[in-house]
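Colleague: Take a look and give me a structure for this.
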Amino acid sequence: MIKLLSNNKFRIAVILLIVLIAAGVSIYRSRNTQLLDKEAYSGFRSTIEEFAGDFSCQQDLMDFIESWADEHSLKYKEDKYGNIIFNKSAIKRKKNVTPTLIAVSMNYETAADNTQVLAAAAAIAVSDLESGRRTVVFCNDEQGLAKGYKGLSDKYISSKTKVIYLDKGSSTYLSTGSFQQRYTEVSIPAKREDNPCDSAVKITISGIKSNVIGPAISKQPDPFSAFSSLLTRLKSKSVDCRLADLRVGSNGNMYPVSLEATIVLNSYNMSSFTSYIENRIKAWEKSYGSDYEGLVFTYELVEDENAMPEKVYTAKTTDRLTGILYTIRSGSYRYSESDAIPEGKEVGDIYGINCITDIESNDKSITIPVIIQGVNDPFTERILNDNKAAAELYKGTYSETYRIDAFSNNRDKLSRTFKSTYEKVNKGSVTESAISLITDNFFTPCSYLQEKNAKADIIHIRTKGSAAPDIANTILCYLKAKGNTSIFK
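Modeller: As a prediction, this is how the structure comes out:
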């Protein structure tokens, strides 16, 4: 009996020892993998969510970030290109560790939708984690013009730098490649004449929320398509009409925000035309009304004879513009069964994006800037050649003004290490413990970052909003371990 009690005590002692060891391992692992200051993340996110809708210019967003940095006694630099740079030197024992740069786009128009990503970058910047050199850059990307990316000093990206570009999307994944981007223009000759018609209608489309060009282009309200449908309707009915004026609310390299146009025609055609406009307005509201608050599509008859346009574009000029807008459309292009589909892609995936960003008109010409994104030269040039053919068909010219090559990183050290770190850090948590490695189906600023140093190891991490804290925490764990993931075991 005494021997039995002794054996039980021994077993209990062993079990307690195992429990204590497991608890110690768990605490050690937690201390090494839960590095994100959730309070700092949540504080930044909740505050920017409160104010983001009130930002009326880029300076408002910049002032917000800098005020937050001042409140946390963080050192930063604002360069002449509008970048806000948080640069922390390596601690002594890690001065030879390769530096890391985390980049996030700073754009006041998209700030409300990207609060989680901005908060993730802020939490990484404010962390007191001991690491090698760590640089967090809020890159000035006002109007999608990439001014900050283009102007960022080369000194921040050496051949040894590990670069992480962070943004938000509908899913979480890691990428080492994205589309190229080309800037092109279609131009048609224009002539003006005295107005031969007795009535006019003014079309107004406004309140469009802009965004960066991407694969969701088909869901974006497109004022050019709406306007084109009106011109095409008149042409199909052989109505004698003219375009009097056209003004577009261009937004740089982002989607346009408004369009105003005046069309002249004779009064006996007006009733039928306005009925068609009303149908198009109903269709517009059905497509976008529930998702885009403040969107406006209206028309107004010009009834005052003194307000009638005196000069208008000729019928030939109007017809040419109608034809081009009908042929060259904003939208995405997808692989078909007959295409040479790249590895990892399949039929129906996007290989290119075509986007009209403006229409610039004067008395002698009408110019239409078009941005094209594509997976590589052959597929991009397929879209480009279609646009060129349309321009030539309507006696216009087509030119390419600028291009930025596709981002492609053949190095796999950073992507492998980050992927491994993510899996180890999130193993056993409610977060998915694996992160997919895919190729982006749109253009990313990684192309600009790669231009700074072709030897730098660069990855793009896209995160859905709810996963942003986990991604930020993984980045911090990566910085702490710097490839030695054994500390997470």
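Colleague: ok, residue 243 - contacts?
Modeller: Residue 243 makes contacts with 231, 261, 262, 263, 312, 313, 317, 318, 321, as judged by CB atoms under 8 Å, 6 or more residues apart in numbering. No exception for glycine: its C-beta is placed from N, CA and C like everyone else's.
Colleague: JSON lines please, covering these and showing secondary structure.
Modeller: Listed next are these as JSON lines, based on DSSP: H, G, I helix; E, B strand; the rest coil:
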{"residue": "231", "secondary structure": "helix"}
{"residue": "261", "secondary structure": "strand"}
{"residue": "262", "secondary structure": "strand"}
{"residue": "263", "secondary structure": "strand"}
{"residue": "312", "secondary structure": "strand"}
{"residue": "313", "secondary structure": "strand"}
{"residue": "317", "secondary structure": "helix"}
{"residue": "318", "secondary structure": "helix"}
{"residue": "321", "secondary structure": "helix"}
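Colleague: can you give me the strands in the stretch 251-400 of the chain?
Modeller: 258-265, 296-302, 311-313, 331-334, 350-356, 360-361, 365-374, 397-404 (DSSP state E, counting those that start in this stretch).
Colleague: Kindly report the domain assignment for this structure.
Modeller: Taking automatic domain parsing as the domain assignment, the ranges for the chain are 34-179+408-488, 181-403.
Colleague: In CSV, list these along with mean pLDDT.
Modeller: Listed next are these as CSV, based on pLDDT from 0 to 100:
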stretch, mean pLDDT
domain 34-179+408-488, 94
domain 181-403, 96
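Colleague: For burial, what's the neighbour tally of residue 66?
Modeller: Residues near residue 66, counting by other CB atoms under 10 Å, number 15.
Colleague: Tell me the buried residues in the helix or strand it falls within?
Modeller: Applying DSSP states H and E as the criterion places residue 66 in helix 58-71. Going by neighbour count (16 or more other CB atoms under 10 Å), the buried part of helix 58-71 is 58, 61, 62, 64, 65, 68, 69.
Colleague: Stretch 293-302 too?
Modeller: Residues of stretch 293-302 classed as buried by neighbour count (16+ other CB under 10 Å): 295, 297, 299, 302.
Colleague: List just the nearest of those to residue 466.
Modeller: residue 295 (27.6 Å; CB to CB).
Colleague: Report the spatially nearest residue to that closest one, omitting neighbours in sequence.
Modeller: residue 207 (4.6 Å; CB to CB, 6 or more residues apart in numbering).
Colleague: quick one: the one you found and residue 298 touch, right?
Modeller: No. Using CB atoms under 8 Å, residue 207 is not in contact with residue 298, being 10.5 Å away.
Colleague: Contact partners for residue 463?
Modeller: Shown in contact with residue 463 (CB under 8 Å, 6+ apart): 116, 117, 120, 166, 167, 168, 169, 172, 471.
Colleague: Residue 355 versus that one, what's the distance?
Modeller: Here the distance between residue 463 and residue 355 works out to 24 Å (CB to CB, to the nearest Å).
Colleague: What of residue 328?
Modeller: Counting by CB to CB, the gap from residue 328 to residue 355 is 10 Å.
Colleague: Same question for residue 388.
Modeller: Residue 388 is 16 Å from residue 355, by CB to CB.
Colleague: Which residue of the two possesses the greater neighbour count?
Modeller: Neighbours were counted for residue 388 and for residue 355 using other CB under 10 Å; residue 355 has more, 23 against 19.
Colleague: hmm, back to that, for residue 106, state which of the buried residues of stretch 293-302 is nearest.
Modeller: Distance to residue 106, by CB to CB, is smallest for residue 295 among the buried residues of stretch 293-302, at 25.8 Å.
Colleague: what's residue 392 in contact with, if anything?
Modeller: So residue 392 contacts residue 398 (CB under 8 Å, 6+ apart).
Colleague: what number of residues lie near the closest residue to residue 239 other than its chain neighbours?
Modeller: Distances taken as CB to CB, 6+ apart place residue 269 nearest to residue 239, at 4.9 Å, with adjacent residues excluded. Neighbours of residue 269 under the rule other CB under 10 Å: 17.
Colleague: do residue 403 as well
Modeller: Neighbour tally, residue 403, other CB under 10 Å: 15.
Colleague: correct me, but it touches residue 181?
Modeller: Yes. Counting by CB under 8 Å, residue 403 touches residue 181, with 6.9 Å between them.
Colleague: For the nearest residue to residue 51 once chain neighbours are set aside, give its distance to residue 49.
Modeller: Leaving aside its chain neighbours, residue 51 sits nearest to residue 64 (6.2 Å; criterion: CB to CB, 6+ apart). According to CB to CB, residue 64 stands 11 Å off from residue 49.
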